[in-house]
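> take this sequence and fold it.
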Amino acid sequence: MLAICECGARLAASRLDYDRAHISQFPAISRELHQAQRPRVLFFGNSLTMHGVSLDEVRAELTRRQAGPCTIDRFVPVGTDVTDWIYIYEQFFRNTDQAPDIVIVGFAGHHMRDLKPPKRLRRLGGHFLDAKDIPECFRHDVRNFDDRVGVLLSMFSSVYGDQLVYREAALYGVLPGFQASERRLNRILARSKDAAAARPNAPPPPEPTFDRVRRLAKLLKDTGARGVFIAMPLPHIWDADPQVAQIVESMGMTYIDARKIDGVEPDDFPDGYHMGDKANSIYSRFVAARMVEIIEAYRRDHPPDDDR
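Numbering: from 1, shown residues only. Predicted coordinates:
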C-alpha cells in the first residue's frame, strides 16, 4: 500500500498546483537557458517576482532601448526565501555547470534574513536540495535532529514531502468554510503576535543575521554570474535591512532599491501584497531600464569572440 501511494504521489507531484508544475520545469529551464543566446538572464525569487515581472514587458522594453539580443527566463517558486534560493541555484545551476550570466534576485521584507529554522523544510528536502549539498545544509541551516530527519524523508518520499498539500486539499474539500476560517485564524494570530511584541515589557526581538545573503552572493560570483539584488515594492514602504546592501555591494554586485517607484500606488496591489497588472507593467519596465547598463557591461567584458 505504501509503495502504491508513493508511486501515485510521484506521478501527481507536478500536478498538485501551479507552483509544483513550475518547479517540475526547473531542469528543462536550466538546460534551455544554458544553451540559449548570451547574455542569459535569470529572474530569481518567489511569488512577488512571479506577479511583479512580465518577461514579455521586459523584452519589449529592452528592444525599445536597443539593448540587443539576450535570453530571459525565471525561477519563481512560491513562498521561498534566501535559504531555498541557495539550494535551488546549487542544484539546478552550479551542480550542473549551467550557470546563467546575470541573475536578478527580487526580495522584500524578511526574505533575506537567516530564519531559524528555515520554513517549509519538507519542500526544501523534496524539491530543492541536491544529495551532494546535504552536508552543507545540515552544517549551516538545518541543525535540529527532527528537522534533519524530516528533510531526508522528504528527499526520498513524495508521500511524506507533499503530505501537507494533500492534507490541505482534503480539509478544503471536506470541511465547508475551512479555507476562509484558516485565513481568519491566521490574521488573528498575526495580530496577537504583533500586539505581544508591542507591549512595553516585551523582550526585544533578536537581531537578524544575514549569513545566507553572503552565501548566495558568493555562490553567484563563484559560478561567474552577475548578481543584481532588487528590494521590491509592496503596498507600504517597508524597512530595508542595510546589511543586505552592504553585503551585496562588498561582493561586487548590484543592489537596487525599488521599494518606491513612481506610478505604483497602494491600490495597485489587489490582494494587499502582490502587484496587479498596472504595477507589474511599471515595475517590469523599470527593471528593464536598469538591465540595459548591466547587459552592456556584460558585453564589454565578453566580446563576441570570447570562448568562455
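
> and residue 73, which of the three is it?
Following DSSP: H, G, I helix; E, B strand; the rest coil, residue 73 is assigned to strand.

> got it, and residue 42?
Three-state assignment for residue 42 (three-state DSSP): strand.

> excluding sequence neighbours, find me the nearest residue to it.
Using C-beta to C-beta, 6 or more residues apart in numbering and skipping the chain neighbours, the partner closest in space to residue 42 is residue 100 (4.1 Å). Where C-beta positions appear, they are placed from N, C-alpha and C, glycine not excepted.

> and residue 215, by the same measure?
In space, and not counting its chain neighbours, residue 215 is closest to residue 86: 5.8 Å by C-beta to C-beta, 6+ apart.

> then residue 295?
Spatial nearest neighbour of residue 295, excluding adjacent residues (C-beta to C-beta, 6+ apart): residue 67 at 5.3 Å.

> now do residue 46
Distances taken as C-beta to C-beta, 6+ apart put residue 80 closest to residue 46, at 4.6 Å, once the chain neighbours are dropped.

> my guess is the one you found meets residue 88, correct?
Yes: taking C-beta atoms under 8 Å as the definition, residue 80 is a contact partner of residue 88 at 7.4 Å.

> re earlier: from residue 208, how far off is the residue nearest to residue 42?
Distance, residue 100 to residue 208, using C-beta to C-beta, to the nearest Å: 28 Å.

> so these two - more neighbours on which side?
Shown here are residue 100 and residue 208; by other C-beta atoms under 10 Å, residue 100 has more neighbours (28 against 13).

> ok, the residue nearest the centre of the chain - contacts?
Nearest residue to the geometric centre of the chain (C-alpha atoms, centre = their mean): residue 45, 2.7 Å. Taking C-beta atoms under 8 Å, 6 or more residues apart in numbering as the criterion, residue 45 is in contact with 74, 75, 76, 80, 85, 105, 106, 107, 232.

> cutoff 7 Å now
If you count contacts by C-beta atoms under 7 Å, 6 or more residues apart in numbering, residue 45 has them with 76, 105, 106, 107.

> next, count neighbours for the closest residue to the first one other than its chain neighbours.
By that I understand residue 76. In space, and not counting its chain neighbours, residue 76 is closest to residue 50: 4.1 Å by C-beta to C-beta, 6+ apart. Per other C-beta under 10 Å, the neighbour tally for residue 50 reads 21.

> element containing residue 50, please.
Taking DSSP states H and E as the criterion, residue 50 maps to helix 47-52.

> list of residues touching that helix?
By C-beta under 7 Å, 6+ apart, helix 47-52 touches 43, 74, 76, 78, 79, 106, 108, 232, 274, 275, 280, 283.

> state the distance from the residue nearest to residue 42 to residue 187.
Residue 100 sits 39 Å away from residue 187, going by C-beta to C-beta.

> and what of residue 87?
Taken as C-beta to C-beta, the span from residue 87 to residue 187 is 31 Å.

> kindly report the same for residue 237.
Computed with C-beta to C-beta, the distance linking residue 237 and residue 187 is 22 Å.

> returning to that earlier point: comparing residue 87 and residue 187, which residue is more hemmed in?
Higher neighbour count among residue 87 and residue 187: residue 87, with 23 against 10, using other C-beta under 10 Å.

> one step back: correct me, but the residue nearest to residue 215 touches residue 212?
Yes: with contact defined as C-beta atoms under 7 Å, residue 86 reaches residue 212; the gap is 6.2 Å.

> if you count surrounding residues, which of those two has more?
Comparing residue 86 with residue 212 by other C-beta under 10 Å, the one with more neighbours is residue 86, at 25 against 22.
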